[in-house]
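Q: Starting from these lines, generate the structure:
(3 chains)
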Amino acid sequence: MAALETYSPFTTQETAVAPLLSKGKRQDERFPEEFRQIFIKTGTVSSAAGSAYVEFKDTKVMCSVFGPRKALRTNAVSADGQLNCDVRFATFAAAQRQRFVQGTLERDCTTLLQNALEGAVIRESFPKASVDVQVLVLEANGGEAPAIITCASAALAHAGIQMRDLVTACSAAHVGEELLLDPTDGEERRAEGAFFLALMPQSNEVTHLSLTGEWTPQSMAEAMELCTDGCVGLDSLVRDCLRATPPSRNTKAKGT
Amino acid sequence: MSTSHALDAEAYRKIYPAEFYKKFLDEKVRPDGRPLGRCRATSVAAGAVSKADGSALVKIGNTTMIAGVKLEIMRPTDDASDVGTVEVTVEMPPLCSASVRSGRPTEEAQSASQRISEVLTHPAVFDLTQLCIAKGQAAWVAYLDIFCLDADGNIFDAALLAAVAALSDVTLPAVTVLEDGRVTADTAAVAEAQANAKDAMQTGEENAKGTQILTSQRQLSLKCVPIGLTCGLNQGHLIADPCAEESGLLDTTITVILNESGELVSVYKPGGNVGASDAILMDCIEMSRLRYKEVSPLLEKVLGKGMSE
Amino acid sequence: MESREDGREDNQMRQLACERNLLNRADGSARWSQGQSCVLAAVYGPRSTVGRKENPEQANIEVVFKPKIGFAGVEEHELEHVIRKTVEGVVLTSLHPRTGISVILQVLQNDGSVLACAINATSMALIDAGVPLKGLVAAVAIAVQESGGLILDPLLTEQKLARGMVTVAFVDAQPTEAGVPTEADTLTCTTSGLFSADQYLDSLNWGRTACSRIAAFCRVSLERYQRGSQMLA
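A: Down below sits the predicted model:
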């Protein structure tokens, strides 16, 4: 059966009526440097070696870690283990329905996640094996990349994979003179510049940094500081959560 | 001493799964402590995804399914000009289970998609004319996507339950047709159309261009509510709601879907190593009836609808 | 009692016809018709299979179902799933480990009861290929009408008007007297539409009787072929 030709009756373009910032507060009543409500839970998928679920208010991300298990394609040259990341967006995650295939958005997020975690995961600890990190974004309302990276870190830690440090990530956007931490979807689209930082908070090393749009050196330094603080805050939340839940003893999933 | 016994049991479970399982079946119980006919704890929650037009999260034991409905507009075909359609897809993303590795849809997921689609598009279960906007011009398409978040056996029952809950959670927005023929749900345009219609009614005159198409907001409803139960057969024992470990040891599975009047919506037994006698099939149907009584209050509570027994 | 479109009784099957060994390249083939519905089945195997599909304990069974027009979609994949599980139920797969058995089905004409036709064609093609089987699989479809009555082996038009439909397959493991139903277990059952549990049980009974008749037809046809080839030798 041929695919149906359909279109959405809902307009996605928001008429830029309301200002992003009024009286020092954002549209959702937050302060510019305030994070959204964060919820982190590990052990959400029973079939996985490690799993985590992260919510940045209404951006919802779920991650499962499988392994170390037999790699599908072994690298003859290196004895290090493989870290395979895969990010998928649910079809109902964004405002417009998208097909459940590996599109550019998914590929970008996958590359981002891979780069951010490469620096932290000790691949020598699982030679000739692979650790698969599977992420599913259930709802995307801005800040998907930070949520994905934070979720993946929590899941890897839950699975007991050896890492140098947890990786947490933060994003910021600037509108005029103001810097907004953890922008929502609407804010991201209307911002003049976006800043993304993935950090290993304990060792204070950056694993990924990206800047888009217009930035002055001063605003960039401010954004760096803001995001670093954000990452440190996220890190302590993840550690609290991991301390609260016991590590996964899912030996069944590990051996597959 | 006790730890070595525990290790022995775990090793036995891995190396001789069939014999391990048989020991439990002989005592009419299962490794997780359930009697043969009991299903795992079930929960249903609607509105789990705010960006979707209708959604539901269902858990049966560890098996978790999340269903989301996205509404779009299509042009109905000539031979079905007054109906819309429901496109059901069950996906098992790699995150749900260690055994799902590649990106291709699993056979289990495709089978579940087709069977749920057949049930939900049957005129006796769901009236597709509800999705009509303007005959021959525009109709709603409800893309119902069901994702498995954790696969611990019995995907089908959870998927069907999530599908039913999500579909019932959908409220069709008020829409109007613009001059270029496109349907829009934009609140400003709809309000204008509503005002125009009201004016035309009040002044008693018909718009020279013809009345503009306008539909009101309404909740989708099912004509009857199908709830299913999957049982497995292992050495003649009928096992309700098998988990993943048990599923690998079954000779065959039988899925029975009933509606509130006790009518059979589907009896599905795809081959397998053994056949099922009439007695076993009747037992399955009976167990499905009991399951229906167990699950329908959960749906009722979530959807706030009265469902007649 | 209303007579049916083609003048049959409610519990009367259409004319059955089976032709075997019609494809040169296939290990086994059969063309099965029930009235105007006709399905061609080709069986390849047991033969060597791709590494990842290889099962060290049993033969790996694959089914491809091609509709009369168009490409195979989700509906056809589901039929493949059902037919594959049915075949797994009758083939002695443990006798041929590490091999693959492929069943290719092509719908030549669709006038109702296509799944039943396909299963019957598969059964005869498997026998033609010499694949070891537990028994003979026979399948039939029964439609439940709006009036509540049952009709056997419905036409496409009858299928569309029916309230519900049941397709069942039974394994016939030994010859039975014609007309006497055996207490055989249902191997495969798929239904669509709504009907009561009583109607379902009745259709199972009808199915059982009809399948034993189909199995008898198959055996007669095979014996005739056997005798014919012995005469030529």
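
Q: isn't residue A:146 right next to residue A:167, touching?
A: No - using C-beta atoms under 8 Å, residue A:146 and residue A:167 do not qualify as a contacting pair, with a distance of 10.4 Å. All C-beta spots, glycine's among them, are computed from the backbone N, C-alpha and C.

Q: Alongside chain B, which residues does the stretch 101-250 of chain A contribute?
A: Near chain B, the residues belonging to the stretch 101-250 of chain A are A:102, A:132, A:134-136, A:138-141 when assessed by C-beta under 8 Å from any C-beta of the partner chain.

Q: ok, the closest residue to chain B within the stretch 51-200 of chain A - contacts?
A: The stretch 51-200 of chain A approaches chain B most closely through residue A:92 (3.3 Å), counting by C-beta to the nearest C-beta. Residues in contact with residue A:92, defined by C-beta atoms under 8 Å, 6 or more residues apart in numbering or on different chains, are A:139, B:49, B:51-52, B:55, B:68-70, B:145.

Q: For those residues, which two are the farthest from each other?
A: In the contacts of residue A:92, the most distant members under the criterion C-beta to C-beta are A:139 and B:69, with 14.0 Å between them.

Q: okay but residue B:95 is in contact with residue A:48, surely?
A: Yes - if you go by C-beta under 8 Å, residue B:95 and residue A:48 touch, sitting 7.2 Å apart.

Q: all strands of the stretch 101-250 of chain A, in order?
A: A:129-139, A:168-175, A:178-181, A:193-200, A:205-213 (DSSP state E, counting those that start in this stretch).

Q: Ok, chain C next?
A: Read by DSSP state E, chain C holds these strands, from start to end of the chain: C:16-20, C:28-34, C:37-48, C:60-66, C:99-109, C:136-144, C:150-152, C:164-172, C:186-193.

Q: does any part of the fifth one sit near chain A?
A: Spelled out, it's strand C:99-109. No - contact check for strand C:99-109 against chain A, using C-beta under 8 Å from any C-beta: none in range, with a minimum separation of 15.9 Å.

Q: what secondary structure does residue 32 sit in?
A: Since no chain was named, I'll use chain A. With DSSP: H, G, I helix; E, B strand; the rest coil as the basis, residue A:32 sits in coil.

Q: repeat for the one 4 residues further on
A: Of the three states, residue A:36 takes coil under three-state DSSP.

Q: what sits against it?
A: When contacts are counted by C-beta under 8 Å, 6+ apart, residue A:36 touches A:28, A:30, A:56-57, A:59, A:143, A:182, A:184.

Q: Burial check on the closest residue to chain A within chain C, number of neighbours?
A: Taking C-beta to the nearest C-beta, chain A has its nearest neighbour within chain C at residue C:73, 5.0 Å off. Other residues near residue C:73 number 13, with proximity taken as other C-beta atoms under 10 Å in any protein chain shown.

Q: can you check residue B:145 too?
A: Applying other C-beta under 10 Å, we find 25 residues neighbouring residue B:145.

Q: Give me the pLDDT for the residue of chain C closest to chain A.
A: Predicted confidence (pLDDT) at residue C:73: the value is 87.

Q: Mind checking if the helix or strand that contains residue B:199 is in reach of chain A?
A: Mapping residue B:199 onto the secondary structure by DSSP states H and E places it in helix B:187-203. No - no part of helix B:187-203 sits close enough to chain A to count as contact by C-beta under 8 Å from any C-beta; the gap is at least 9.1 Å.

Q: residues contacting the most centrally placed residue in chain C?
A: In chain C, the C-alpha nearest the mean C-alpha coordinate belongs to residue C:119, at 2.1 Å (C-alpha atoms, centre = their mean). Residues touching residue C:119, when contacts are defined by C-beta under 8 Å, 6+ apart, comprise C:83, C:86, C:137-139, C:169, C:188.

Q: Now for the residue nearest to residue A:232 when sequence neighbours are not counted: which residues touch it?
A: With C-beta to C-beta, 6 or more residues apart in numbering or on different chains as the measure, residue A:201 is the residue that lies nearest to residue A:232, at 4.8 Å, once sequence neighbours are left out. With contacts defined as C-beta under 8 Å, 6+ apart, the neighbours of residue A:201 are A:165-166, A:168, A:231-232, A:234-235.

Q: Pipe those residues into JSON lines and attach neighbour count and pLDDT per row.
A: Putting the contacts of residue A:201 into JSON lines (neighbours: other C-beta atoms under 10 Å in any protein chain shown; pLDDT from 0 to 100) gives the following:
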{"residue": "A:165", "neighbour count": "17", "pLDDT": "91"}
{"residue": "A:166", "neighbour count": "23", "pLDDT": "92"}
{"residue": "A:168", "neighbour count": "26", "pLDDT": "93"}
{"residue": "A:231", "neighbour count": "24", "pLDDT": "92"}
{"residue": "A:232", "neighbour count": "16", "pLDDT": "92"}
{"residue": "A:234", "neighbour count": "29", "pLDDT": "91"}
{"residue": "A:235", "neighbour count": "20", "pLDDT": "92"}
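
Q: can you list the weak-confidence ranges in chain C?
A: For chain C, the stretches with pLDDT under 70 are C:1-2, C:173-183, C:227-233.

Q: what's the farthest-apart pair in the contacts of residue A:201?
A: With C-beta to C-beta as the measure, no two of the contacts of residue A:201 lie farther apart than A:165 and A:234, at 12.8 Å.
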